[in-house]
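In: okay, predicted coordinates and the sequence, questions at the end:
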Amino acid sequence: MSWFDDFNPAQREAVTCPDGPVLVLAGAGAGKTKTITGRVAWLIDQGVRPDRILLLTFTRRAADEMLRRTERQAGAKARKVWGGTFHSTANSLLRRHGRAIGLSPAFSVIDNADSADLMDLIRTDLGLAKPDKRFPRKDTLQAIYGRVVSSRLKLKQVLEDDFPAYQEYTEGIRQLFEAYATRKREQNMLDYDDLLLFWKALLDTPGVGDKVADLFDHVLVDEYQDTNLLQAEILQAMRRRKRNIMVVGDDAQSIYSFRSATVRNMLDFPKQFDGARIIKLEENYRSTQPILDAANAVMEQAKERFTKNLFTKRAGGAKPSIITCRDEFAQSNEVCERVLAKREEGVPLKHQAVLFRAGHDSDQLEVELASRNIPFVKYGGLKFVEAAHVKDLVAVLRILENPSDRLSWLRVLKLLPDIGPATATKIMMELGVTEADGPGNPLKALSEAPPKTPSGAAASFGALRAALLEIAGNADMSPAAQVERIRRFYEPVFERVYENPTVRLRDLDQLELIASNAKTRNKFITDLTLDPPSSTADLADQSQIDDDHLILSTIHSAKGLEWDAVHVIHAADGKIPSDMATGSEEDLDEERRLLYVAMTRAKDSLNIYFPLRYYHRGRSVSDDHAYAQMSRFLAEVDPGLFERVAAVGPDQDEGTLESVGAVDRSGVDAMLKGLWAD
DNA sequence: AATATCCGTATTTTT
DNA sequence: TACGGATATT
């Protein structure tokens, strides 16, 4: 078998090991993807049915990439492998088998923002917002809830550990969460946490649980260090009869603890799965030794340290550079220069990436790239589906899909003039949009007995009604056509509600474009929440994207990827580590791992930039600025591991007028005096 | 009851 | 800053 030859002994062991639990510890660049895809291909080759293999990955994109690679080795039948994220797998399983636990297959999936809105609603309904003002706000509630579910800890414990300021509201919060769960159940809605929770519940249900678990002969899990306790429990339940499971991960690359991911899952795996075989992949095939040396040095300072150092047989290579820039503008300039220089050396743009901590860290660079006509695609930090206007339009689709979805009704109705929460509630009552999924049919009511509305809202309510009824009465309408039809109602409304309609209008175009790729409305809505566009390329007209383009990405979104040349920007204290994450040693260690992940994405060339000065953006034209320190993670390692460079950027000193002629204050003085004369 | 205005505060990463 | 939330106004 030809593809089989270029595995090293450890990889080969992982690929061909016999049935049973296996833990693969794979350092950065050790051929993790290759090993997993090799394993899947090998299993298929051994006669395992592809549709009985479950491959759990971190993103939809990773799953697609792996299946594509498996296909090369095992042929087209590899397409039948179940691949996806925990959440998307839960979604599929629950749509098929959810009836067994009283879940209608048409359930809708809500994102964190919707979940927070619903909690906010309940908070008001229960009167919890009133008595004092320190009751947690909706986003905090959402965070607490997610933490309780995914860490499997008690509410009391979570509040004590992570939200001590709210401990006195424990009872109120508990009440609210109970009501929240009930409402979701009544309205047939699942949030992200529920997807996992219900999957677990399905597995725990006598009779059904075993059947679901037995759907798969083999389960493989990528990026295991970034799973949470609930996910580990799901895996245990999935594998209680057939114990064939392989998990692959690297404890040094765990960067999702904010989502309750815990490396404990990796450490405990041998306990959870008795007799687990442990295989270590330590040889790095990606980076040059100087890059690895620097990355290892950064990790050495971690408080808690697991991994041994990575090594490579790749000889030579330049030391990574740390480039000190005068300010952010100089940084952008320097990145552009170096990217272009690399391209001159023969490294195409798409084999280069610029990485950063937060989505907006690339804003200034994007301006510079655009002005120089350097094409780029950005991954991560996209807020497309969270934008209010996108949510508005999707809410109309949600109403059509699930007419008892009060949250969406409320959102849409409140857009209309003279309709606020009170009137909206009244209208919902008239339509029979009940809490419970009752016998009433709101759309039928809308058609037969239109509710009374304030006179100011009459016209736009009529437009909404027409759109809803037309789409509901036309079963053949494609998702894109539905979006188009809704826009006819929405755009006039939207121009009244939002300040800058023109910019936002483009998002609606993009939404329509995405809809045109969807088969059904339900799938469109679900995909939008479960697998939202993750890059600017997902949003752009494909023909508009240059063949060769630079990659911009948050470090989180860069996970698992590699490039010839990597440029890490904003390596300043306050950015990496983020100011928001310097509270505890654990937080700091995670930020450190983040930098480690960024550095180990590089194959041949690694440039790390940090601006000395940050201007306070905003208000006046003053030159308010603060000086930054180099990231503490870099400052504390042996300077000999890096090449240090200073870049001042383009010359900004253009001379001042004062130096050109004589000084004349008389005009200004007269003007100032004149201000106060009557 | 809806909307305009003001004030204070959080501010990241993603399924 | 920009946004959410509380208060003032229509």
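Out: Arrived safely. Numbers count the residues shown, from 1 in each chain, chains lettered A, B, ... in the order given.
In: quick one: the helices in the stretch 301-450 of chain A, in order.
Out: Taking DSSP state H, counting those that start in this stretch as the criterion, the stretch 301-450 of chain A carries its helices at A:328-344, A:363-371, A:388-401, A:406-413, A:421-431, A:442-448.
In: and for the stretch 501-650 of chain A?
Out: Counting by DSSP H, counting those that start in this stretch, the helices of the stretch 501-650 of chain A are A:501-515, A:521-530, A:536-539, A:585-599, A:632-635.
In: quick one: closest of those helices to DNA strand C.
Out: Nearest to DNA strand C, of all these, is helix A:501-515, at 11.4 Å by C-beta to the nearest atom of the strand. Bear in mind the C-beta positions are built from the backbone N, C-alpha and C, glycine included.
In: got the CA positions of that closest one in PDB?
Out: The C-alpha coordinates for helix A:501-515 follow below in PDB (Å, rounded to 0.1, in the frame of the first residue of the first chain):
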ATOM      1  CA  PRO A 501     -28.200  51.200   6.200                       C
ATOM      2  CA  THR A 502     -25.900  51.100   3.200                       C
ATOM      3  CA  VAL A 503     -23.100  49.300   4.900                       C
ATOM      4  CA  ARG A 504     -25.600  46.900   6.500                       C
ATOM      5  CA  LEU A 505     -27.400  46.300   3.200                       C
ATOM      6  CA  ARG A 506     -24.300  44.400   1.900                       C
ATOM      7  CA  ASP A 507     -24.700  41.900   4.700                       C
ATOM      8  CA  LEU A 508     -28.200  41.200   3.600                       C
ATOM      9  CA  ASP A 509     -26.900  40.500   0.100                       C
ATOM     10  CA  GLN A 510     -24.400  38.100   1.600                       C
ATOM     11  CA  LEU A 511     -27.200  36.400   3.600                       C
ATOM     12  CA  GLU A 512     -29.100  35.900   0.400                       C
ATOM     13  CA  LEU A 513     -26.000  34.400  -1.200                       C
ATOM     14  CA  ILE A 514     -25.500  31.900   1.600                       C
ATOM     15  CA  ALA A 515     -29.200  31.000   1.400                       C
END
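In: next, the angle from that helix to helix A:388-401.
Out: 40 degrees (axes from the mean of the first three to the mean of the last three C-alpha atoms, to 10 degrees).
In: just give me the longest strand of chain A.
Out: Secondary structure of chain A per DSSP state E: the longest strand is strand A:602-615.
In: tell me the mean pLDDT for it?
Out: Strand A:602-615 shows a mean pLDDT of 92.
In: partner strands of that strand and their direction?
Out: strand A:321-327 (parallel), strand A:563-568 (parallel), strand A:625-627 (antiparallel) (DSSP bridges).
In: and the ones you listed, which is most packed in?
Out: Comparing the strands paired with strand A:602-615 by mean neighbour count (mean count of other C-beta atoms under 10 Å), strand A:563-568 ranks first with a mean of 25.
In: run through who's touching that strand.
Out: Contacts with strand A:563-568, where a contact means C-beta atoms under 8 Å, 6 or more residues apart in numbering, come from A:335, A:338-339, A:342, A:347, A:351-356, A:551, A:576, A:595, A:598-599, A:601-609.
In: got it, and stretch A:261-272?
Out: A:21, A:23, A:25, A:151, A:224-229, A:231-232, A:236, A:247, A:249, A:251, A:254, A:276, A:278, A:306.
In: against A:Pro492, how distant is the nearest residue to A:Pro450 once chain neighbours are set aside?
Out: The spatial neighbour of A:Pro450 that comes closest, neighbours along the chain excluded (C-beta to C-beta, 6 or more residues apart in numbering), is A:Arg465 at 6.3 Å. As judged by C-beta to C-beta, to the nearest Å, A:Arg465 and A:Pro492 stand 14 Å apart.
In: of those two, who's got more company?
Out: A:Arg465 (17 against 13; other C-beta atoms under 10 Å).
In: got the buried residues for whichever strand or helix holds the more buried one?
Out: Element membership of A:Arg465, judged by DSSP states H and E, is helix A:458-472. By 16 or more other C-beta atoms under 10 Å, the buried positions in helix A:458-472 come out as A:Ser460, A:Phe461, A:Ala463, A:Leu464, A:Arg465, A:Ala467, A:Leu468, A:Ile471, A:Ala472.
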